[in-house]
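K.L.:
Here is a sequence together with a model predicted from it:
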Amino acid sequence: MLNFGRRDRFAEGKSIDKSTLKPALYEPPASAGRRTASNSDLRAASQNATQTPSAEAAVEPPLLAVDAALQSAAAAHRSEPVVSKLAVGVNIKLKGVDISDCDVLVIEGHVEATVHSKAMEIAMPGTLRGTAIIDVAEIHGEFSGDLTARTRLVVHGTGRVSGTIRYGKLIVAEGGELNGDVKRLDEAVEPSQMARPLPPITPPELGPGTSIGSH
């Protein structure tokens, strides 16, 4: 009786142990660490991937806008014609010079020169003495000499012009002075084809005993 009971309990306990005990999978600590590290790396990479486009989007548009503005400004600068401008300041004196190939000349000082320019302005208290061949001349100060304004000559109220003056169109404001040989260009230019008087025809000299008549 005792043995039978012990065998039953042993058999019963043995069967219970077999049913409850299961083989465990062994996993070294290093592999677990590698898995954890790889998972963290993946999470960090995904976060960087999500943050990088926003950072680039925040930086790239201003840079692209500045680049486009610089390119448009450079294109506009290249399209604009280059203007040659010369300004003679107050109390500056130029004497015995030749000014040519000038688009805009502004005189506020005192100049003695020969000038070839597209536009000229003699501002107060500027003076110019010499020869000037200009398209458009505006005189606020004083000019004396030979002046040719092919397109327009404007003498303002404080302007004083004297000498040999040729102009295409003349505007003299109240108070302006214009003295000398003043003519319009088309009146000053002589016609290219003028009838020249023919020299008188003199008959040939006849010797003694020579007669002119019909036979």
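P.N.:
Done, it's in. Numbers count the residues shown, from 1 in each chain.
K.L.:
and whichever strand or helix holds E187, which residues are buried?
P.N.:
Assigned by DSSP states H and E, E187 belongs to helix 185-188. Residues of helix 185-188 include none that count as buried (16 or more other Cβ atoms under 10 Å). Every C-beta, even on glycine, is put in place using the N, C-alpha and C of the backbone.
K.L.:
what does that helix rub up against?
P.N.:
Contact with helix 185-188 is made by T148, R150, R166, Y167, G168, as judged by Cβ atoms under 8 Å, 6 or more residues apart in numbering.
K.L.:
Now, those residues that are in strands?
P.N.:
T148, R150, R166, Y167 (DSSP state E).
K.L.:
What separation is there between the first one and V106?
P.N.:
Using Cβ to Cβ, to the nearest Å, one gets 19 Å for the distance from T148 to V106.
K.L.:
Same question for V97.
P.N.:
Taken as Cβ to Cβ, the span from V97 to V106 is 15 Å.
K.L.:
Flag the shaky bits of this protein, pLDDT-wise.
P.N.:
1-67, 73-80, 188-215 (pLDDT under 70).
K.L.:
Which parts of it are helices?
P.N.:
2-20, 29-79, 185-188 (DSSP state H).
K.L.:
hang on, the earlier thing: with neighbour numbers in mind, choose between V97 and V106.
P.N.:
V106 (17 against 11; other Cβ atoms under 10 Å).
K.L.:
didn't that one look like it was pressed against I92?
P.N.:
No. V106 is beyond contact range of I92, at 11.5 Å (criterion: Cβ atoms under 8 Å).
K.L.:
Please list the outside residues in contact with stretch 91-103.
P.N.:
Under the criterion Cβ under 8 Å, 6+ apart, residues 83-86, 88, 105, 108-119 lie in contact with stretch 91-103.
K.L.:
10 Å instead, please
P.N.:
Stretch 91-103 is contacted by residues 81-86, 88, 105, 107-120, 125-135 when judged by Cβ atoms under 10 Å, 6 or more residues apart in numbering.
K.L.:
Now that we have the contacts of helix 185-188, can you turn them into CSV and tack on distance to H156 and neighbour count?
P.N.:
CSV is the format used below for the contacts of helix 185-188 (distance: Cβ to Cβ, whole Å; neighbours: other Cβ atoms under 10 Å):
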residue, distance to H156, neighbour count
T148, 19, 19
R150, 19, 16
R166, 19, 20
Y167, 15, 24
G168, 18, 15
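K.L.:
and those residues as TSV, adding distance to H140?
P.N.:
Shown next, in TSV, are the contacts of helix 185-188 (distance: Cβ to Cβ, whole Å):
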residue	distance to H140
T148	19
R150	20
R166	20
Y167	17
G168	20
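K.L.:
Nearest to L178 among these?
P.N.:
Y167 (9.5 Å; Cβ to Cβ).
K.L.:
what are the bridge partners for the closest one, then?
P.N.:
For Y167, the beta-bridge partners under DSSP bridges are A149, R184.
K.L.:
Roughly how far does it sit from R129?
P.N.:
Y167 is 19 Å from R129, by Cβ to Cβ.
K.L.:
where does the closest residue in space to G157 that isn't next to it in sequence fall, phi/psi-wise?
P.N.:
Spatial nearest neighbour of G157, excluding adjacent residues (Cβ to Cβ, 6 or more residues apart in numbering): G175 at 3.6 Å. Per-residue torsions, G175: phi 100, psi -20 (degrees, to the nearest 10).
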